[in-house]
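**Student:** When you get a sec, could you give me coordinates for this:
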Amino acid sequence: MTDRGLLGPDSVTWNMHADPSMWIAGITSLYLQSLHPRAVAGVVQNSNFQEDPLGRLARTANFVGLSTYGPKDQVAEAAARVRTIHRSLRATDQRTGQTFRIDDPELLRWVHCAEVSSFLAVVRMAGYPLTDGQADRYLDEQRQTATLVGLHAGDIPGSQAEMRGYFADMRPELARTPDSDIVYRFLHRPPLTFPLVLGRPVYTTLLGHLAYSLLPSWAVALHERDPYPRDGAIALLRTLRATAFGVPKWLRWGKPEPYAIQAIARLGNWARPSVRRLPKI
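**Tutor:** Predicted structure coming up:
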C-alpha cells in the first residue's frame, strides 16, 4: 500500500496546511514563541537566524511540510535528526544565569503549542472554513507531530478548550525580554541582501507587521507594540489569501520544498489537498 504519511489525506492537517495563509501563520507563531524567556533564549543563543534569515524560515517550513505530506520513513529520519540536534544544545537563562537543555519538554511543548495554535487561529481568520469540531480534530492530530520532537501525545493539548487552558496556565511564565525584542525586530526587518532588501518595506507592511497584528490580544500586550486594528488586519489577511489563489498550485505548494506536490504524485490526484476533503465533523 502506498505510504500516506503520518496523518494522511483525510486529515484536517493535510488539507489545511496547503492553504496559502499558512505562510503568514508561521510568522505569527514565531512572535508568540518568543514570549517564553527560555524558549527564545534557546533560539537566540543557538541559531544563526540573524545571519541567514531565509534559511531559518525555510528549514522550519520544510519540517512542517515534510511531517504533513512526506512518507513515514523520511519523516522519522528528519525527526531523529531534529531530536539529536536538540539533545546536544544548551542555553543560559538571562534572568537566573542557569544553564538549561533545549530539549526540555516544557520548552518543546511551548514551541509546539505556539506553532499549531497560531496556524489554526490565523488560517481561520483568513477565511479557511473550519468548524469547531474540525479545529479540535486538527489539534488532536497535531499531538502526533509533537511526538516527532520527543514529546508524549498525552501531554499535549488536543482541543481548543485544552489549548486555551494551557495558555492561561502559561501566562505567568511569559514576558517581553531583550531576546523577544531581537525576534520582533528581526521579523519586521530581516537583514536581507541586495536585491531582496529592496522589497523589505513591502514585506514589513504586508507580512511582518500583519503577522504580529494577528497575535492574541494578550500576546500583543506583552510585546508592548501597537498592532494594526484587528478588523483591518483580518481584511488585509483575507485580501492576501485571495490574491495567493491566483498563483499556480505547483508554485504555491512547491516552495520552499514540494512536499505536497510529491505526495500527490505518490498517491494520485485524489489526494490533492482541498476544503472538500475535510472530515465532516
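
**Student:** so where is the stretch 151-281 of the chain shaky, pLDDT-wise?
**Tutor:** 191-200, 202-204, 250-251, 254-257 (pLDDT under 70).

**Student:** can you pull out the helices in it?
**Tutor:** 160-170, 178-188, 200-203, 209-213, 217-223, 230-244, 249-252, 259-267 (DSSP state H, counting those that start in this stretch).

**Student:** Now do the same contact list for residue 109.
**Tutor:** 146, 151, 155, 156 (CB atoms under 8 Å, 6 or more residues apart in numbering). Just so you know, the C-beta spots here come from the backbone N, C-alpha and C atoms, and that holds for glycine as well.

**Student:** ok, then the element right after the helix or strand hosting it?
**Tutor:** Here residue 109 sits within helix 105-125, counting by DSSP states H and E. Counting by DSSP H and E, the element after helix 105-125 in chain order, helix or strand, is helix 132-147.

**Student:** quick one: that following helix to helix 105-125, angle?
**Tutor:** Helix 132-147 runs at 150 degrees relative to helix 105-125, counting by axes from the mean of the first three to the mean of the last three CA atoms, to 10 degrees.

**Student:** Can you give the distance from helix 132-147 to the centre of its chain?
**Tutor:** Centroid separation for helix 132-147 versus its chain: 14 Å, with CA atoms, centre = their mean, to the nearest Å.

**Student:** Report the mean per-residue pLDDT for it.
**Tutor:** Here helix 132-147 scores 98 as its mean pLDDT.

**Student:** Give me the buried positions along it.
**Tutor:** Buried residues in helix 132-147, counted by 16 or more other CB atoms under 10 Å: 134, 135, 136, 137, 138, 139, 140, 141, 142, 143, 145, 146.

**Student:** Among the helices of the stretch 151-281 of the chain, which comes closest to residue 32?
**Tutor:** Of all these, it is helix 217-223 that lies closest to residue 32, at 5.6 Å by CB to CB.

**Student:** Buried residues in the closest one, which are they?
**Tutor:** By 16+ other CB under 10 Å, the buried positions in helix 217-223 come out as 219, 220, 222, 223.

**Student:** Same check on stretch 73-86?
**Tutor:** Across stretch 73-86, burial judged by 16+ other CB under 10 Å covers 74, 75, 78, 79, 82, 86.

**Student:** Deepest in the core, which of the helices of the stretch 151-281 of the chain is it.
**Tutor:** By mean neighbour count, with neighbours taken as mean count of other CB atoms under 10 Å, helix 209-213 ranks first of the helices of the stretch 151-281 of the chain at a mean of 22.

**Student:** Figure out how far that one is from the centre of its chain.
**Tutor:** Mean C-alpha position of helix 209-213 versus that of the full chain (CA atoms, centre = their mean) differs by 14 Å.

**Student:** who's in contact with that helix?
**Tutor:** Applying CB under 8 Å, 6+ apart, the contact partners of helix 209-213 are 24-25, 27-28, 31, 122, 184, 187-188, 220, 223, 225, 227-228, 230, 233, 236-237, 240.

**Student:** got the buried residues for stretch 33-52?
**Tutor:** 33-44, 49.

**Student:** Rebuild these as CSV, extending it with secondary structure and distance to residue 129.
**Tutor:** Output for the buried residues of stretch 33-52, formatted as CSV (DSSP: H, G, I helix; E, B strand; the rest coil; distance: CB to CB, whole Å):
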residue, secondary structure, distance to residue 129
33, helix, 27
34, coil, 30
35, coil, 30
36, coil, 31
37, helix, 37
38, helix, 37
39, helix, 32
40, helix, 34
41, helix, 38
42, helix, 36
43, helix, 33
44, helix, 38
49, coil, 34
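
**Student:** Near residue 108, how many other residues are there?
**Tutor:** 21 (other CB atoms under 10 Å).

**Student:** Can I get the contacts of residue 109 in JSON lines including distance to residue 262?
**Tutor:** Below are these laid out as JSON lines (distance: CB to CB, whole Å):
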{"residue": "146", "distance to residue 262": "24"}
{"residue": "151", "distance to residue 262": "27"}
{"residue": "155", "distance to residue 262": "31"}
{"residue": "156", "distance to residue 262": "27"}
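
**Student:** which of those residues are buried?
**Tutor:** Among the contacts of residue 109, the ones that count as buried by 16+ other CB under 10 Å are 146, 151, 156.
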